[in-house]
Each structure stands twice: as C-alpha cells, then as structure tokens.
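Novice: here are the coordinates; sequence isn't available:
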C-alpha cells in the first residue's frame, strides 16, 4: 500500500491577453493524491494494482488521453484497476476530469462529464511490432457544444495503435472509430493517423527523417441532428505532431514532415513543417 501526493503550481507572465483559462495558470493545487493497493507477483498469477483518488491518465502518444502537455496539467478524480498479465498492461478506469481554477486549492471535478475506459498495451522490444494498443473509451458530457447547438453527448471511442520497427525504419498507425449519440441525433466519426521515420546512424549528426499524416471527419450538415465530428477527448495540447490544438473538434487532413539531428550528446536539433 502507498499514498502518493503531488502539488502543482503554474504561473503565467507577460502573455498578450493574459493567461488562457484552465491551461496557463493555477497558483497552487493538488496535482495528484491517491491511495494505491498493490498485490505482489507471489500472491497472484496476474499482478493487480488499484488506485483511488486524484491521478494522471496518460496513454499512447497523448492524442486521446493525456496529462495535457501545457503549463498546467490535467488530472482526473476517480478509480483505476491495473492488470499485468505477462507482456500486457490492462488499465480499467472510471473518472471525472478536474476543472483547473487559477486560485489556491480550488480545483474540483467536473460533474458534467464522466469518463470510463479500458486501455490494453503489449510491449515487445525484440519483435517487429514493438508496441500494440487496444482501447475502448466512453465519454458522457451533459453540455457538449457543436455547431448544431448544446446537448448531451455519449461518445464511444474504439481504437487500435501499432508501432513497428524494421532496421532503420519505424512505422506508426492509429485508427479510431467513434459512435454514440448527440442529443436526439446519432454520432459517427473516425480518425486515421500514419507515420514513418528513417534513421541514418552512419551519417554525421545521425539524422532522422519523419513524415506524419492524419485525417479526421467533420460534420456534414449543421442543420441535421446527426453528428460526424471527431472529438479527441482529452488530448495533450500538441496534437498531430506540433499543431497546437485549439478548436476542440477536428475536420482535418494533415501532413507533417520533420528532420531531427543529434549535434552532440546533450544537444539535438529539429526542423518541422506543417500542412493542413
């Protein structure tokens, strides 16, 4: 058994227009505070961990569920069960996102949203498929806002993410299908992302060339009750590479080439382009 606590303080100085709500400033608050019960591998064939309280949820590359890679992190209040059968890690959780307020110890769970999920990850360092993720996520929002208006949204996300390595080549694919309801209408949306990188370790500065691409759906007709807009749930804030996520929902075709070089042991250089 352990009790873990973490404080966070995020301050903003000199930004035009002042701090942005929720992501730029939180003078002082509890970032994490949870109780964890853990079984030993000698007690159970499958080790089990159980956490209850305020905690981070961060999965994959953060495009769907992340701590939010900005000035103030996003915690969740809830429970999580972690199973570790052989090479797998399976997380089952139910939580509410915490609303960030700028004062002292004033952050509270958002009772208009409930988030459940199962995320399973298989990591095998020596195989062609180095990492494989399967997940099912359910978000229930009482006051979701889209062009049709504001209504209750029940959004299910079913997805798979694969990371492969073959010599100097690295591949990444991610596909998501979202279905459910928005108000009186049906919800159906999807996203697919793909990436490939090639490393040249024998050349000076060890350059790595990478190309990422992604496509996601948007709504077909705001006058129709049905919704086709893909919604990325709780993303990192740096979405589709280095595109700053601002709109809250996506209808995009993205291409993102990049080049990285290792100038020395402690210094690297990266150059990026972005096409939308």
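Specialist: On my side now, so go ahead. Small disclaimer: the values here were computed from a predicted structure and weren't measured.
Novice: State the number of residues packed around residue 212.
Specialist: By other Cβ atoms under 10 Å, the residues close to residue 212 number 20. All C-beta spots, glycine's among them, are computed from the backbone N, C-alpha and C.
Novice: what sits opposite it in the beta ladder?
Specialist: Following DSSP bridges, residue 212 is listed with bridge partners residue 195, residue 256.
Novice: wait, doesn't it sit right on residue 255?
Specialist: Yes: applying Cβ atoms under 8 Å, one finds residue 212 in contact with residue 255, separated by 7.5 Å.
Novice: Could you pull out the helices in the protein for me?
Specialist: Per DSSP state H, the chain carries no helices over any range.
Novice: tell me the domain boundaries of it?
Specialist: For the chain, automatic domain parsing gives the domain ranges 1-123, 165-276.
Novice: Residue 252 and residue 153, how far apart?
Specialist: 20 Å (Cβ to Cβ, to the nearest Å).
Novice: Repeat that for residue 66.
Specialist: With distances taken as Cβ to Cβ, residue 66 is found 20 Å from residue 153.
Novice: Out of these two, name the residue with the larger neighbour count.
Specialist: residue 66 (24 against 21).
Novice: how many other residues sit next to the nearest residue to the more buried one once chain neighbours are set aside?
Specialist: Nearest residue to residue 66 in three dimensions, chain neighbours excluded: residue 236, at 3.8 Å (Cβ to Cβ, 6 or more residues apart in numbering). Residue 236 has 20 neighbouring residues, counting by other Cβ under 10 Å.
Novice: how about residue 236, what does it touch?
Specialist: Listed by Cβ atoms under 8 Å, 6 or more residues apart in numbering, the contact set of residue 236 reads 61, 62, 63, 66, 67, 68, 69, 245.
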